[in-house]
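*Asks:* Predicted coordinates and the sequence they were generated for:
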Amino acid sequence: MPKQSVRWTHWPLRGLLLSLLLVAGCSANPVTAPPPTIPPAQPAVSPGVTQRPAGTVRPLTGAATAAMFDAGTRSLVVLRPGADAQAPATVSLLGAPKQPADTLAMPGPATALTGDGKGVAYLAGHGGYLIVDLATRHISRVDLDDAADVDFTAITRRDDGTLVLGSADGAVYTLADDGQRTAARAKIFARVDQLVAHGNTVTVLDRGQTSVTTIGVDGKPQYALRAGQGTTTLATSPDGPVLAADTRGGQLMVYGVDPLILRQAYPVPQSPYGLAGSGGFAWVSQTAANTVIGYDLSTGIPVERVRYPTVQQPNTLAFDDESDTLYVVSGSGAGVQVIERAARQS
């Protein structure tokens, strides 16, 4: 492959400690240490809604920061942090259309959400994580033996059931089989803002470095790439690639993870932020325009298939593959938008 020229527009070169070989957008050298950081990008503050949101809107107040669809209970799970860093979070479950949301108070703060797709949700917190049985509503807490004072900011679950957590001080913790001890710890980031698992490979997003990094089955860093001008969110699906929203740079980026390689980059204006992956589609919200777009990834570049007006501040997306339903969760308390037959309307 021919070498790709790369222009670093936001990164000082002095003190750069991350050695990368970029060949046609792919990484080839293991990570050694983190580079300097830049101010993390943020979603746009959305304007008022001028078009009626597509589908239906279910009421849900509060600033939601994460959501996932759980196939086991056929419910959307929404995380809303407390009023401050020490306040307990809440988790809301939205099931049948005519039933009100069932809101559960967590026993402490929570910052990130993942699940097994079979009725169990996991939430990152201080010193450990929470386990929520979505069917029985039972909540339990797991304190990690060696991380009592750690503020966890990200969590994901690999296909083999292993939980992986990320921390505010830039470490990735791969847990042992018992879920209570750390099997491997990699501290090379400024901050771990999000984790997603594709099979048993975990991809790490560090917004300050605007980088993506893969963590292998052994819990050790593999490869890293700088991701656009200000990447803010990641998403993936079992049969799809890893998606990244470059909010500052205005583009959707599509990555393969074995090895880490940038396969596609496509311009998406108006502050792209919310992401979801499903069956060959990438769903991207435009927070400056209250819009969500569905891109077909089956060709060489993303192709727009559908576009919908959304609720205000469409920061979070989730998708139910079985029913082809897209959920758009407002970050300003404007509710949860439910768009049925979202991809098939094309």
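*Replies:* Done, it's in.
*Asks:* In three-state terms, how would Val45 be classified?
*Replies:* Classification of Val45 by DSSP: H, G, I helix; E, B strand; the rest coil places it in coil.
*Asks:* what do you get for Ile155?
*Replies:* Following three-state DSSP, the label given to Ile155 is strand.
*Asks:* so what's the residue lying closest to Val217 once chain neighbours are set aside up against?
*Replies:* Distance criterion C-beta to C-beta, 6 or more residues apart in numbering; nearest residue to Val217, sequence neighbours excluded, is Asn200 at 5.0 Å. C-betas here are computed from N, CA, C, even on glycine. Applying C-beta atoms under 8 Å, 6 or more residues apart in numbering to Asn200 gives the contacts 158-160, 162, 217.
*Asks:* what do you get for Thr174?
*Replies:* Taking C-beta under 8 Å, 6+ apart, we find Thr174 in contact with 162, 164, 182-186, 202, 215, 218-219.
*Asks:* Repeat the analysis, applying 6 Å as the threshold.
*Replies:* If a contact means C-beta atoms under 6 Å, 6 or more residues apart in numbering, then Thr174 has 164, 183-184, 219 as its contacts.
*Asks:* Ala41 now?
*Replies:* 230, 232, 247-248.
*Asks:* and if we set it to 10 Å?
*Replies:* Contacts for Ala41 (C-beta atoms under 10 Å, 6 or more residues apart in numbering) come out as 207-208, 210, 228-233, 245-249, 271, 273.
*Asks:* From Ala105, how far off is it?
*Replies:* For Ala41, the distance to Ala105 equals 32 Å [C-beta to C-beta, to the nearest Å].
*Asks:* do Asp246 as well
*Replies:* 36 Å.
*Asks:* out of those two, which sits in the busier spot?
*Replies:* Each of Asp246 and Ala105 has its neighbours counted (other C-beta atoms under 10 Å); Asp246 has more, 22 against 11.
*Asks:* Quick check: mean pLDDT of stretch 63-76?
*Replies:* Here stretch 63-76 scores 96 as its mean pLDDT.
*Asks:* If we go by neighbour counts, what in it is buried?
*Replies:* Neighbour-count burial for stretch 63-76 flags 64-71, 73, 75-76 (criterion: 16 or more other C-beta atoms under 10 Å).
*Asks:* about what we covered before: can the contacts of Asn200 go into TSV with extra columns for secondary structure, distance to Ile131 and neighbour count?
*Replies:* Shown next, in TSV, are these (DSSP: H, G, I helix; E, B strand; the rest coil; distance: C-beta to C-beta, whole Å; neighbours: other C-beta atoms under 10 Å):
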residue	secondary structure	distance to Ile131	neighbour count
Arg158	coil	16	19
Asp159	coil	18	11
Asp160	coil	17	10
Thr162	coil	14	19
Val217	coil	23	15
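*Asks:* Need the max-distance pair from these.
*Replies:* Spatial extent of the contacts of Asn200 (C-beta to C-beta) is set by the pair Asp159 and Val217 at 10.3 Å.
*Asks:* Between the two, which contacts overlap?
*Replies:* 199-201.
*Asks:* Restricted to strands, list those.
*Replies:* Members of the shared contacts of Asp159 and Val217 lying in strands (criterion: DSSP state E): Thr201.
*Asks:* Which single one of the shared contacts of Asp159 and Val217 is nearest to Val192?
*Replies:* Nearest to Val192 out of the shared contacts of Asp159 and Val217 is Thr201 (C-beta to C-beta; 15.6 Å).
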